[in-house]
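>>> Kindly generate the corresponding structure for this input.
(2 chains)
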Amino acid sequence: MTHSITTKFISVTLALMIFNCITGCQNEPQAVTEAQPTTVIATPPTIDTVDEAFPAISIQITADIADHPNEELLQFGVISPTDSNSITPILGVYTRTKNQLTFTPSFALLSNTQYQALDKTTGLTADYRFASQASETPVVNIEPNLQQLPANHLKFYLYFSMPMQQDNPWDHCKLLDLTTGEYVPRPFRHTDLWDDNQQRLTLWFHPGRQKTGVNLNVEIGPILDPEHRYELQISGLWKSQEGQSIGEEQRYQFTAAAADHTQPDPDQWRLTVPTVNSKMPLSISFGEPLDHALLENNPFTISLNSSEVTITTNPTQGNRKVTIHSASPWQAGTYTININPRLEDLAGNSIGRPFEVDLQQPQPNQSKSTSISFVIEP
Amino acid sequence: MKRIPLLISCLAVLLAVTLYFSPSDEANAVTKDSLAMLANVQQGDTDITRIGRMSFAPQGVLLVADIGSASVVAIDTQDTGPVKKLKERVNDVDKKIAAALGTDKAGINIADMTVNPASGKIYVSVQRKADGLNAIITFDENGKLAPLNLKKARYVRVPLPVADQKKIGNITGVEFTDGRVLAAGQSNEEFSSKIYSLPLPLTHNKPGEVYSTETYHVAHGRWETRAPIQSFIPYQEEGEDYIVGSFACTPIAKFKISDIKQNATIKGTSVVELGSGNRPVDMFTYKKNGKNWLITNTDRFHHERRPLGPSQYWGVRVDMSYLQADKTNEEAARRVVTEKSGPNGIEVVDALFFAKHVAKLNNDEMVILRDNEGALDLEVTKLPE
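Residues are numbered from 1 along each chain as shown, chains lettered A, B, ... in the order given. Next comes the predicted model:
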């Protein structure tokens, strides 16, 4: 309803304007004929940089060129790095007033890039560039970071100190077989999996080659050969989103051990139990390294008499062990640790099921225990 | 000189009359079909953090996967037709998009391409590498490119719910089907998929339901492992809803989703195997001469080692009757990898060589984003008879 009233108000106002315009034009014809020509001094395009990534570029237009298409009057674009006289126009929006044409980019301009505005009616130009603050060099950490990995190892986590340029991240990664001296062809799964902060990449070995019996595994073999030594190489040219490259190539060496087809078994884990009323950590040793990201994602809950204990969990010793701190001192009693059945080892064998199942074998319940208990004596 | 004020006057009269008799926003709202698709519509910046796959729902609603925030953004593009399909091939699309974004073609990453069947307008989702800027560029019938304004859009954002304490790390597809929108996601920690069902109307900030998939990849009738969906389409068979998903290496499997409940686990059934060394990209179905066909294009990552044709990008069509088979995994039909066709109803499509992305325009034509010796071209091509 409000809009309707507003619309009608505007239309009535316009009607009054029309009347005024018509009568005004009739009453003051001399005002038009008496107008004196003015001398226009050509000036370069002006650039309003209130928002430096979205500057407003304007030129003056005169009546004789007012019917020209916008693109024929004003152009704004990137100066070619190889030809300073060549501009590649960018997308933007043109707006006009009676004697001014303004261009605003559709997308934020890039810092440290040379742009130019060209008034095509005068040939005058104005250059534009804005600098971003110097950014820090990105640092990468690799998980797991172990001397030995199973031959059917599945994935690495690359942790960066800042958001990285994300496209085709596998192009920045290579795997060198140090034993043969040859690079392993196409070892990574081409699916870019970043975390929320865009600072952790999950870099998968190609599962089709790591899975027993799957066609690629049969045709060209697994990625890792047991007892071979390998080097994962992360390109130093990889840039952060701020445009800063890693610098030096990052290298991580490991040896492939025998393939691991055994599920983690909580019944075999070794617990070190804290003393009563202490804030000592509970520690759980798995007997093998487990998946780093899954361990960091609260895989355990602990309860005492059905009441959940507030805990923090920290993986240590290359993800072979966790220490669990309680927010308040441990009380005496029998505690239950509930375990996320999706917690898995480096080869994708989880508490709930092995990574691969042989359908020709009997299929017993594959899940290991998803809860274990411990006692704190009074 | 008197003509100019007279012209202005006439225009103003026309504007005034138009405004006076134009319906109000409320009246527009009642007739706007898109309201049946969207609820609690927002106006402004879509805040897409990492753009990905796209597809069109009816009424000009563009479904966009926002991988960075694990959500689906549905944009009311107001692009409802009539159909004006691309007249001529557009060369160097990647170069043109990059130039529009103020960079070169090495400076962009094209995430997806889709076409609005109602208008023929082509939409390309793209990320500028240098700063992660997300954009959607459209191509009209004349091949003229324009930005879709993501800063001032009518949209809703539907978060994909967290399951098993995990957010997903990639959204491999988002598709409209009767009564809902489906999305498929991959975990970035486990080798597994989730399927999300988003009920209509898509409502801002109202999350959908999540189903876990136990998607087995059976090879040689012996080993099964979990595998994530790379691409999918909704599919109906005898009144039942299914998802037909494609997986790396390249089984096509179907999942019945009609009767599952929130947080349920769906077990897929492999119905066709297309051969190893391929990563599926897009899928769609079309009907021709009374027959239903499934089209899928793939990226053959072992092209250099064992080429299938002139390009690593190739595609196939599959007689949809294969999907109706009750045969389970081990007995799935297998494409004869040494031939262009076979078994009967599974055929390599010549027009899909070099096709990086494909999208269905209608039952006769598809839009292809084609690799042309390193450049990308857009074209409308006939579907096979």
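>>> Let me see the contact set for residue 96.
No chain was given, so I picked chain A. For residue A:96, the contacting residues are A:61, A:70, A:102, taking CB atoms under 8 Å, 6 or more residues apart in numbering or on different chains as the criterion. C-beta here means a position set from N, CA and C on the backbone, and glycine is covered the same way.
>>> wait, chain B
Applying CB under 8 Å, 6+ apart to residue B:96 gives the contacts B:90, B:145.
>>> That one and residue A:108: what is the separation?
The gap separating residue B:96 from residue A:108 is 19 Å, by CB to CB, to the nearest Å.
>>> got it, and residue B:63?
Here the criterion is CB to CB. By it, residue B:63 lies 25 Å from residue A:108.
>>> Looking only at neighbour counts, state which of these two leads.
Looking at residue B:63 and residue A:108 with other CB atoms under 10 Å in any protein chain shown, you find the greater number of neighbours at residue B:63, namely 25 against 16.
>>> Now do residue B:362, the pLDDT please.
In this model, residue B:362 is scored at 96, pLDDT.
>>> is it true that it touches residue B:117?
Yes - counting by CB atoms under 8 Å, residue B:362 does reach residue B:117; the two are 6.2 Å apart.
>>> Between the two, tell me which one has more neighbours.
Between residue B:362 and residue B:117, residue B:117 has the larger neighbour count (other CB under 10 Å), namely 18 against 14.
>>> I figured that one was touching residue B:360, is that so?
Yes - taking contacts as CB under 8 Å, residue B:117 lies within contact range of residue B:360: 6.9 Å.
>>> Relative to chain B, how far out is residue A:121?
Between residue A:121 and chain B the distance is 22 Å, computed by CB to the nearest CB, to the nearest Å.
>>> Spit out the contact partners of that residue.
For residue A:121, the set of contacting residues under the criterion of CB under 8 Å, 6+ apart consists of A:59, A:61, A:65, A:68, A:73.
>>> Let me know the secondary structure of it.
Per DSSP: H, G, I helix; E, B strand; the rest coil, the local secondary structure of residue A:121 is coil.
>>> Phi and psi next, for it.
Dihedral angles of residue A:121 (phi, psi; degrees, to the nearest 10) stand at phi -80, psi -30.
>>> which residues sit in contact with the spatially most central residue of chain B?
When CA atoms, centre = their mean is applied to chain B, the residue found nearest the centroid is residue B:55 (3.6 Å). For residue B:55, the set of contacting residues under the criterion of CB under 8 Å, 6+ apart consists of B:62-63, B:114, B:173-176.
>>> Report the separation between it and residue A:191.
Relative to residue A:191, residue B:55 is positioned 19 Å away (criterion: CB to CB).
>>> With residue A:82 instead?
36 Å.
>>> before we move on, what about residue B:195?
Between residue B:195 and residue A:191 the distance is 17 Å, computed by CB to CB.
>>> hey, where'd the strands end up in the stretch 1-150 of chain A?
Taking DSSP state E, counting those that start in this stretch as the criterion, the stretch 1-150 of chain A carries its strands at A:46-48, A:56-60, A:74-79, A:87-89, A:92-96, A:100-105, A:115-119, A:124-128, A:140-143, A:148-150.
>>> Adding mean pLDDT, write those strands out as JSON lines.
Converted to JSON lines, the strands of the stretch 1-150 of chain A look like this (pLDDT from 0 to 100):
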{"stretch": "strand A:46-48", "mean pLDDT": "94"}
{"stretch": "strand A:56-60", "mean pLDDT": "95"}
{"stretch": "strand A:74-79", "mean pLDDT": "93"}
{"stretch": "strand A:87-89", "mean pLDDT": "89"}
{"stretch": "strand A:92-96", "mean pLDDT": "94"}
{"stretch": "strand A:100-105", "mean pLDDT": "95"}
{"stretch": "strand A:115-119", "mean pLDDT": "94"}
{"stretch": "strand A:124-128", "mean pLDDT": "94"}
{"stretch": "strand A:140-143", "mean pLDDT": "95"}
{"stretch": "strand A:148-150", "mean pLDDT": "96"}
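>>> What about residue B:382, how many residues nearby?
9.
>>> for the contacts of residue B:55, which one is nearest residue B:150?
residue B:62 (10.5 Å; CB to CB).
>>> Direction included, what does the helix or strand harbouring residue B:62 pair up with?
Assignment of secondary structure by DSSP states H and E places residue B:62 within strand B:61-66. When pairs are called by DSSP bridges, strand B:61-66 turns out to pair with strand B:51-56 (antiparallel), strand B:71-76 (antiparallel).
>>> out of those, deepest packed?
Neighbour counts (mean count of other CB atoms under 10 Å in any protein chain shown) averaged over each of those peak at strand B:71-76, with a mean of 26.
>>> tell me the mean pLDDT for it?
Averaging pLDDT along strand B:71-76 gives 96.
>>> what's in contact with that strand?
Where contact means CB under 8 Å, 6+ apart, the residues beyond strand B:71-76 that reach it are B:34, B:37-38, B:41, B:46, B:48, B:57, B:59-66, B:148, B:150, B:153-160, B:171, B:174, B:181, B:183, B:196, B:198, B:202.
>>> any idea of the angle the following helix or strand past it forms with strand A:92-96?
Heading C-terminal from strand B:71-76, the first helix or strand you meet, by DSSP H and E, is helix B:93-100. Here helix B:93-100 points in a direction 50 degrees away from that of strand A:92-96 (axes from the mean of the first three to the mean of the last three CA atoms, to 10 degrees).
>>> Could I have the CA atoms of the following helix or strand past helix B:93-100 written out in CSV?
Moving toward the C-terminus from helix B:93-100, the next helix or strand (DSSP H and E) is strand B:108-115. Taking C-alpha atoms only, strand B:108-115 is exported to CSV below (Å, rounded to 0.1, in the frame of the first residue of the first chain):
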residue,chain,number,x,y,z
ILE,B,108,40.9,-17.7,-13.2
ASN,B,109,39.4,-21.1,-12.4
ILE,B,110,36.1,-22.0,-14.1
ALA,B,111,34.1,-24.0,-11.6
ASP,B,112,31.1,-24.8,-13.7
MET,B,113,28.8,-23.9,-16.6
THR,B,114,25.1,-24.3,-16.8
VAL,B,115,22.3,-23.0,-19.1
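>>> is any part of strand B:108-115 close to chain A?
Yes - under the criterion of CB under 8 Å from any CB of the partner chain, strand B:108-115 makes contact with chain A via residue B:109.
>>> Show me what the next helix or strand after that strand is packed against.
Heading C-terminal from strand B:108-115, the first helix or strand you meet, by DSSP H and E, is strand B:122-128. For strand B:122-128, the contact count by 3 or more CB pairs under 8 Å, 6 or more residues apart in numbering or on different chains; DSSP states H and E identifies strand B:51-56, helix B:93-100, strand B:108-115, strand B:133-139 as packing neighbours.
>>> if we can go back for a sec, neighbour count: residue A:82 and residue A:191, which is higher?
In this view residue A:82 and residue A:191 are compared by other CB under 10 Å, and residue A:191 has more residues nearby, 19 against 6.
>>> mind checking how far that one is from chain B?
Between residue A:191 and chain B the computed distance is 6 Å (CB to the nearest CB).
>>> from memory that residue sits against residue B:170, does it?
Yes - distance between residue A:191 and residue B:170: 5.9 Å, which falls inside the contact criterion (CB under 8 Å).
>>> any shared contact partners between those two?
What both residue A:191 and residue B:170 touch, as defined by CB under 8 Å, 6+ apart, is the set residue B:186.
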